[in-house]
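Student: Could you look at this predicted model? Sequence included:
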Amino acid sequence: MRFRLSMLRFFRTVDSPPQDLKREKQQLLACLDRANLTDALIIEKIRHCTSHSDLVLVRADVMQRLANEIGEAQAASLLLSVWTEDAEANSQ
């Protein structure tokens with residue numbers, strides 16, 4: 001599956017500075033949870049990420065799985081809502 005550049009930016013795989021690893025892992029787990037996906041392999045990959053480069057690879061797996069299961073547009077909307085809620089929670 002090929003993703004448009006805007007989709008990749010949306011999923012923070014392009015042009016993004018390193019973020020807090022723990023927070024990003026929590027965001028990915030929240031996305032899987034909201035999409036009702038319980039892929040044990042992807043969940044373990046997320047939990048075992050130790051660097052930003054590991055996280056980029058796992059994020060691509062999550063992105064592909066979400067797009068395959070719920071569609072690209074819904075996946076993008078889901079991730080935006082998770083990131084928006086996370087940003088609001090961290091700004092308080």
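Tutor: Sure thing, it's come through.
Student: for residue 25, what are its contacts?
Tutor: Counting by Cβ atoms under 8 Å, 6 or more residues apart in numbering, residue 25 makes contact with 46-47, 49, 55. Heads up, the C-betas are built off the backbone N, CA and C, glycines and all.
Student: Any idea how far stretch 20-37 is from the middle of the chain?
Tutor: Distance of stretch 20-37 from the chain centroid (Cα atoms, centre = their mean, to the nearest Å) equals 6 Å.
Student: my bad, should have said stretch 75-84
Tutor: Relative to the centre of its chain, stretch 75-84 is centred 9 Å away, using Cα atoms, centre = their mean.
Student: swap in stretch 74-83?
Tutor: Averaging C-alpha positions (Cα atoms, centre = their mean) puts stretch 74-83 9 Å from its chain's average.
Student: Buried residues, that stretch. List them.
Tutor: Across stretch 74-83, burial judged by 16 or more other Cβ atoms under 10 Å covers 75-76, 78-79, 82-83.
Student: Give me the subset of those residues that lies in helices.
Tutor: 75-76, 78-79, 82-83 (DSSP state H).
Student: Many thanks, have a good one.
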